[in-house]
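> Turn this into a model:
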Amino acid sequence: MMAKSTITKCKNCGCRILVDESYFHNCLTLCDDCYLENVHRVITCNPLVIYSAKRFQDSDGIMAEDRLNEQQKTIYNYVKSKGKVT
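Numbers count the residues shown, from 1 in each chain. Now for the predicted structure:
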C-alpha cells in the first residue's frame, strides 16, 4: 500500500501541489513554475548585446534582421506586425 502524499499550496500563486513536488526558496514553499521564475530571472535587456549588434551592422552593413534564422524571423515578424506581444 502506497503512502498518501500531502498537499500544500504554493505561497506565490496559491496553486495546490504535492509536498514531494514543491520547492523551498527564500522561506517560501513554491510550485515548479514559481520556483523557476524566482531562481532564473529573465534578463530582458543586455547592453553589451545591443552594442555588439550595432557594431556588426556598422562594420559589414548587414542588418540585424538579416542575421536571424527562419524561426527567429517568423517570431520577429509576428511581434513587429502586432506592435507588442506578451
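
> Using the record's domain definitions, break the chain down for me.
Following automatic domain parsing, one gets these domains for the chain: 7-39, 47-82.

> Find the one among these with the highest mean neighbour count.
Compared across those, domain 7-39 shows the largest average neighbour count, a mean of 14 (mean count of other Cβ atoms under 10 Å). C-beta here means a position set from N, CA and C on the backbone, and glycine is covered the same way.

> Figure out the length between the terminal residues of that domain.
23 Å (Cα to Cα, to the nearest Å).

> how about the nearest residue to Ile62, chain neighbours excluded?
Excluding the flanking residues, the one nearest Ile62 by Cβ to Cβ, 6 or more residues apart in numbering is Phe56, at 7.3 Å.

> how much space is there between Glu65 and Phe56?
Glu65 is 12 Å from Phe56, where distance means Cβ to Cβ, to the nearest Å.

> For this protein, which segments are assigned as strands?
Counting by DSSP state E, the chain has strands at residues 7-9, 16-18, 23-25, 28-30.

> and Cys45, which of those strands is closest to it?
Ranking these by proximity to Cys45 (Cβ to Cβ) places strand 23-25 first, at 25.0 Å.
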